[in-house]
Structures are given as C-alpha cells and as structure tokens.
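Colleague: Pasting the sequence and the predicted model now:
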Amino acid sequence: MTVRWLQLKECWRRREELPKEFRFDSHSLGSCRSLTQPHRKPNFLRLPLFLVFVILFPGAATAAGLPTRPNIIIILTDDQGYGDLSCHGNPILETPNLDRLHNEGRRFTDFHVSPTCAPTRCALMTGRHEFKSGVTHTILERERMSLKATTLAQVLKSAGYTTGIFGKWHLGDEPDRWPDKRGFDEMFIHGAGGIGQSYAGSCGDAPGNKYFDPAILHNGKFERTKGYCTDLFFGQALKWIEAQRAERKPFFAYITPNAPHAPLVVPEEYEARYAGRVPTNTAKFFGMIANIDDNVGKLLAKLQAWDLERDTLIIFMNDNGGTAGVPVFKAGMRGAKATPWLGGTRAASFWRWPGTLVPGDIDALAAHIDVLPTLAEIAGLKLSGSVAEQAEGRSLVPLLEDPQAAWPDRTLVAHVGRWAQGRAEESKYLHCSIRNREWQLVCDTNDGRPQWQLFDLKADPSETRDVAAAHSEVVNKLVAAYDQWWIAMLPGLENENAIGPRQNSFKMLYAQQFGGGPVNENSK
C-alpha cells in the first residue's frame, strides 16, 4: 500500500474526529492537507488519477476562484485608530511597513469594528455581534466570551491548520476560557485587557507586570521574559512560524500586541522620533505604533526569506476608534474610541496575499464579523449546523476576487455597552448606532432615551448635519431594524449578573510558580 494511500486513509479517519458541521466527505478530500506538500502546487504526475481529480476540483479553490489553505496571519493592534497610519493621511506618523500591507493588498475603505477592544475581539472570533456571545464590557466578567461559541481558531483547526496566539486575548482569564481551550495550539499571552491591568473578579494580569520584561503565560505556564512587549510578541510569533515551516503545516498566527494601548510606554528611541513635534503623550503613542511598524517589517522580511510570502495571507486591523492620536489626526471623522460614531468604529482592513490578491480599494460595507466566514471559505470549509447559525457575517471572498461583485446592502449595529451591572434592559438607547451603506442613525445620549440623529454618509461623512426631520422614512426603517436586533440579542447576555472569583487566576498561577511577588519591581 503506497504512502499516499495511507495518507488518504488517515485523512478519512480524522474526518470522524471533527465536529459534525466541519466533516468533509468524498467530494472534498482535496482539502485534507496530508494529500499534498503544503504551500506548493501538487506534483500530479506522481498521483493516481482519482486523487488528481479530487485535488484539482472540489476543495482546491473557493467558489470564487481563490486558492485555498494559505497560511493566515492576523495582526490586530490595540487602541490604534483609523487615522494612525501614514497611508490614511496622518501628517506626522510614519508607518512604511503597514503602508506596504495597504499598498500591496486589498483594502476595505468602509470596514467597521466595535467601539472597544474585547467586543471587537469577540466578534472577530465568532463572526457575530459580541453581545450575542455575552461580551458587553471589557471588565467585570462581561469580557468573557461564551463557552458555547465556536471560535475562528477552532474553525481553522478543523481545516488542518496549526493555530497560535501572541499577545492580547481579553476574552476570559479563567483557565477554561484561555485560548488553548478555544482552538489555539500555541498560547503566548498576557492577562486582562492590557499588561499590568487588574480588576475585581476574574480579569487581571500577573502581579506587577510592565511593558518591559513582562511575565507571559506560555502554554499554561508563566515565563519571565526580557525585552519590550511588542518585540516579544512578534518575536515569539516568528519563532513559532519558523517551526511550522519546518513541519510543513499550514498555520494561523493571531498576533495581537497590547500596544499602543495606555500606559504609553515605549523604548526611548521610538519616542524620540516624534518628541517635540507633537505633545509628549502623542509622541509616545506614535512611537509605540512605529515600533509595531518595525516589527511588521521584520515579519515581512522573514516571510520573504522563508519563501512563504506568496503562500501567506496577512490581514491587518485595528480594534476600535482612535485614542491618543485623535488630537493630531482623525481622518475627518466624528467620535473616537468608546463612541458609536464612525470615528469609534471605522477601522483599517488590509488583506495582502502576493500573487493572489490584486492591490486596490474595496468600498463595500464590511465588518469584523465577516472575517470568520471569509477565512472559513478560504480554508476550503463550508460552514453548516450550529456554526453556520452562529456566523451572521458574510464571506468577503467575492469582493476579494472582484471589488465590483454584487454586495447587497446591509445593516450594522454598534453599541458601546458598558452599562452598570443589571441595567441592560434600560440601556437599549445608550450610545448606539445602526447604519447601512448610505445612512447612519445615532443615539449618543447619557440618559438612555431614544434621541435619534440621522446622517447622510455620502454627502456628510463627517456627520455634522442631522437630517432626521427630512427623512422620516429612513429613520423609521432603521429604528425598526434596530428594535429587531435588540430583541434577538438579549438571550445572549449571559454574563450580566456573573460573580467573579475572589482572586484572578493569573495571579493565583503566578503565585504557585514564583511565590506571588511582583514580576519585576525594577522594570523600566
């Protein structure tokens, strides 16, 4: 019996180990990684005829014609705004390597995320609005993603990918909610929403952690590291990617630096690039982004040196609206982080896949909830069952293939959440918006009353003129859609009355390993 026939039998055997909604049949065996050498076109002359047919046709490409099963890297920065990129017009900040991702890839110009960080990460992982997975805040147990949700990592793992996370998770710090229980093979993370953060209940990092020399949770045990946090996360990701290259396995690397989130701590040489040109805090913030940019440059150089460039899809995103850079440049948008305006939700979305995706803009209305169904299709999977029901986003594959492809209008809801415990029902109209391609309806009040404002996004992208009185039919239509969304969302609010543990699990584990003292009292 030949080696390839044994591989085929193993591929079929492993089918039974997958969740039912992910199992492939005899018509999709071509998606099994063991049938071909990864990242390379198969040598069809060495294969039996029936295997050639299986590989060439079903499972070998998406319905739109893109190749399947590239390596996938998502880079998601923390608190960097849409305007904090030189390719988006920032007059001070220089981001040459992030600009490369923009210039060499497809870029969505009307792409939206949630107003704050944990909600965006939840929506990205699940393909649905974060409230439907229990995430309505960034602390107080309300940052914990529902254990009933299937994650993007689990989806890709079912397609044969090896998966790794490097940086910020922020979807539950208790062990049963760690990334290694949610589909990630490799876990190199800090706790809470940022290095050194600590709150009552379950949300907290290792005690005394700082941006330099932090203690990082690596596959269930803490490692005391040396260096700056962003350099460490990218460096670990590169080591891991090189190992996957040696194993010749397709990989999904989720690189999520906590920078440039406050506290604004950065190596001095990076702050020096902007000192005197902008206020001190902005100089530090821009320096943190410059450091991210340099690390992206190292990543691109390694992919080229390892001959992985053309076999790797890189997606770059930021997780919410702007923060410390807003006073300098906010790309003409109203609002910032933690608001329902465009300035709170519009994000960068660059998709670089050399030799496959032709560079250019895509102006269709897209969002973070679209990433999971898109990558599932690119991985050669057809979602079904509970996962198909969960994913309310759309596959972006047709647009990646042809920016002018048909794309029916849609509505997207943004809600800041963060209401007081037990106050969900009365917070329906608290800092929220609903929009389609042309209009955005915004209610940004502090008293929770429905005081809607309507903006024509084509004529007034800066949202300066409320035209609700002149377009009552549009207001009524969007309000009705919002009402339906609110009703459908309520059953997912599973963390609203949750009571957290007396001590954070990161602190407890750190104490077990090192005695409970701070990580590094003398760190910079």
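Modeller: Thanks, I have it.

Colleague: ranges for the strands of the stretch 351-500 of the chain?
Modeller: If you assign secondary structure with DSSP state E, counting those that start in this stretch, the strands in the stretch 351-500 of the chain sit at 360-362, 366-367, 412-415, 432-435, 439-443, 453-456.

Colleague: now the stretch 51-200 of the chain
Modeller: 71-77, 106-108, 111-112, 162-167, 186-189.

Colleague: Take the strands of the stretch 351-500 of the chain and lay them out in JSON lines including mean neighbour count and mean pLDDT.
Modeller: C-betas here are computed from N, CA, C, even on glycine. JSON lines is the format used below for the strands of the stretch 351-500 of the chain (neighbours: other Cβ atoms under 10 Å; pLDDT from 0 to 100):
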{"stretch": "strand 360-362", "mean neighbour count": "14", "mean pLDDT": "98"}
{"stretch": "strand 366-367", "mean neighbour count": "26", "mean pLDDT": "98"}
{"stretch": "strand 412-415", "mean neighbour count": "23", "mean pLDDT": "98"}
{"stretch": "strand 432-435", "mean neighbour count": "25", "mean pLDDT": "98"}
{"stretch": "strand 439-443", "mean neighbour count": "23", "mean pLDDT": "98"}
{"stretch": "strand 453-456", "mean neighbour count": "20", "mean pLDDT": "98"}
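
Colleague: Can you pull the domain assignment for the chain?
Modeller: Taking automatic domain parsing as the reference, the chain has its domains at 3-34+42-56, 73-401, 425-492.

Colleague: so which of the ones you listed gets nearest Phe506?
Modeller: domain 73-401 (3.9 Å; Cβ to Cβ).

Colleague: and the end-to-end length of that closest one?
Modeller: This stretch, domain 73-401, spans 19 Å end to end (Cα to Cα, to the nearest Å).

Colleague: Equivalent analysis for stretch 304-311, please.
Modeller: 10 Å.

Colleague: Reformat the strands of the stretch 51-200 of the chain as a markdown table; add distance to Glu271, mean neighbour count and mean pLDDT.
Modeller: Below are those laid out as a markdown table (distance: least, Cβ to Cβ, whole Å; neighbours: other Cβ atoms under 10 Å; pLDDT from 0 to 100):
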| stretch | distance to Glu271 | mean neighbour count | mean pLDDT |
| --- | --- | --- | --- |
| strand 71-77 | 18 | 23 | 98 |
| strand 106-108 | 29 | 23 | 98 |
| strand 111-112 | 30 | 24 | 98 |
| strand 162-167 | 21 | 25 | 98 |
| strand 186-189 | 26 | 23 | 98 |
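
Colleague: Any chance of those strands in JSON lines with distance to Pro91 as columns?
Modeller: Listed next are the strands of the stretch 51-200 of the chain as JSON lines, based on distance: least, Cβ to Cβ, whole Å:
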{"stretch": "strand 71-77", "distance to Pro91": "20"}
{"stretch": "strand 106-108", "distance to Pro91": "20"}
{"stretch": "strand 111-112", "distance to Pro91": "23"}
{"stretch": "strand 162-167", "distance to Pro91": "29"}
{"stretch": "strand 186-189", "distance to Pro91": "35"}
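
Colleague: I'd like to know which of those lies nearest to Val387.
Modeller: Closest approach to Val387 among the strands of the stretch 51-200 of the chain (Cβ to Cβ): strand 162-167, 16.0 Å.

Colleague: So what are the sheet partners of the closest one and their directions?
Modeller: strand 186-189 (parallel), strand 251-256 (parallel) (DSSP bridges).

Colleague: Now render those as a markdown table, adding distance to Glu389.
Modeller: Shown next, in a markdown table, are those (distance: least, Cβ to Cβ, whole Å):
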| stretch | distance to Glu389 |
| --- | --- |
| strand 186-189 | 28 |
| strand 251-256 | 23 |
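
Colleague: out of the domains of the chain, deepest packed?
Modeller: Greatest average neighbour count among the domains of the chain goes to domain 73-401 (a mean of 22), per mean count of other Cβ atoms under 10 Å.

Colleague: Was I right to think Pro279 contacts Pro327?
Modeller: Yes: counting by Cβ atoms under 8 Å, a contact exists between Pro279 and Pro327, whose distance comes to 7.3 Å.

Colleague: if we can go back for a sec, nearest to Pro67, of the domains of the chain?
Modeller: Among the domains of the chain, the nearest to Pro67 by Cβ to Cβ is domain 73-401 (6.1 Å).

Colleague: picking up where we left off before, quick one, which of the strands of the stretch 351-500 of the chain gets closest to Arg224.
Modeller: strand 366-367 (38.7 Å).

Colleague: Would you mind pulling the contact partners of the closest one?
Modeller: Strand 366-367 is touched from outside by Phe108, Asp110, Phe111, His112, Val113, Ala123, Ser349, Gly393, Arg394, Leu396, Leu399, Leu412, with contacts defined as Cβ atoms under 8 Å, 6 or more residues apart in numbering.

Colleague: farthest pair in those?
Modeller: Greatest spatial distance in the contacts of strand 366-367: Ala123 and Leu399, 18.7 Å, computed using Cβ to Cβ.

Colleague: related to what we said a few turns ago, wait, which of the strands paired with strand 162-167 is closest to Gly297?
Modeller: The closest of the strands paired with strand 162-167 to Gly297 is strand 251-256. By Cβ to Cβ, the value is 13.6 Å.

Colleague: Strand 71-77 and the closest one, what's the angle between them?
Modeller: Inter-element angle recorded for strand 251-256 and strand 71-77: 0 degrees (by axes from the mean of the first three to the mean of the last three Cα atoms, to 10 degrees).

Colleague: For Gly355, give me its contacts.
Modeller: Neighbouring residues of Gly355 by Cβ under 8 Å, 6+ apart: Arg310.

Colleague: how far away is it from Glu309?
Modeller: Using Cβ to Cβ, to the nearest Å, we find Gly355 at a distance of 8 Å from Glu309.

Colleague: Same question for Gln390.
Modeller: Taking Cβ to Cβ, one finds Gln390 at 33 Å from Glu309.

Colleague: next one: Gly335
Modeller: 37 Å.

Colleague: State the distance from the closest residue to Ala488 other than its chain neighbours to Thr256.
Modeller: The spatially closest residue to Ala488, leaving aside those adjacent along the chain, is Lys132, at 7.8 Å (Cβ to Cβ, 6 or more residues apart in numbering). Relative to Thr256, Lys132 is positioned 22 Å away (Cβ to Cβ).

Colleague: right, so of the strands paired with strand 162-167, which gets closest to Ala283?
Modeller: Comparing these under Cβ to Cβ, the one sitting nearest is strand 251-256, at 24.0 Å.

Colleague: State the mean pLDDT of whatever helix or strand comes next after the closest one.
Modeller: The helix or strand immediately downstream of strand 251-256 is helix 268-272, counting by DSSP states H and E. Across helix 268-272, pLDDT averages out at 98.

Colleague: what residue ranges in the protein score low on pLDDT?
Modeller: 1-61, 63-64, 516-517, 519-524 (pLDDT under 70).

Colleague: Looks to me like Ile216 is in a strand.
Modeller: Yes: applying DSSP: H, G, I helix; E, B strand; the rest coil, one finds Ile216 inside a strand.

Colleague: All further residue positions should be reported with the first residue as 305.
Modeller: Got it, the first residue is 305 from now on, which makes the last one we talked about Ile520.

Colleague: in the sheet, who's paired with it?
Modeller: Glu527.

Colleague: and it, what does it touch?
Modeller: Phe492, Ile493, His494, Phe526, Glu527, Thr529, Leu536.

Colleague: Make CSV from those and add distance to Leu734 to it.
Modeller: Listed next are the contacts of Ile520 as CSV, based on distance: Cβ to Cβ, whole Å:
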residue, distance to Leu734
Phe492, 36
Ile493, 31
His494, 30
Phe526, 38
Glu527, 41
Thr529, 40
Leu536, 38
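
Colleague: Of these, which pair is most distant in space?
Modeller: Applying Cβ to Cβ across the contacts of Ile520, the maximum distance is between Phe526 and Leu536, 13.2 Å.

Colleague: Quick one, which of the domains of the chain gets closest to Arg722.
Modeller: The nearest among the domains of the chain, by Cβ to Cβ, is domain 377-705 at 5.3 Å.
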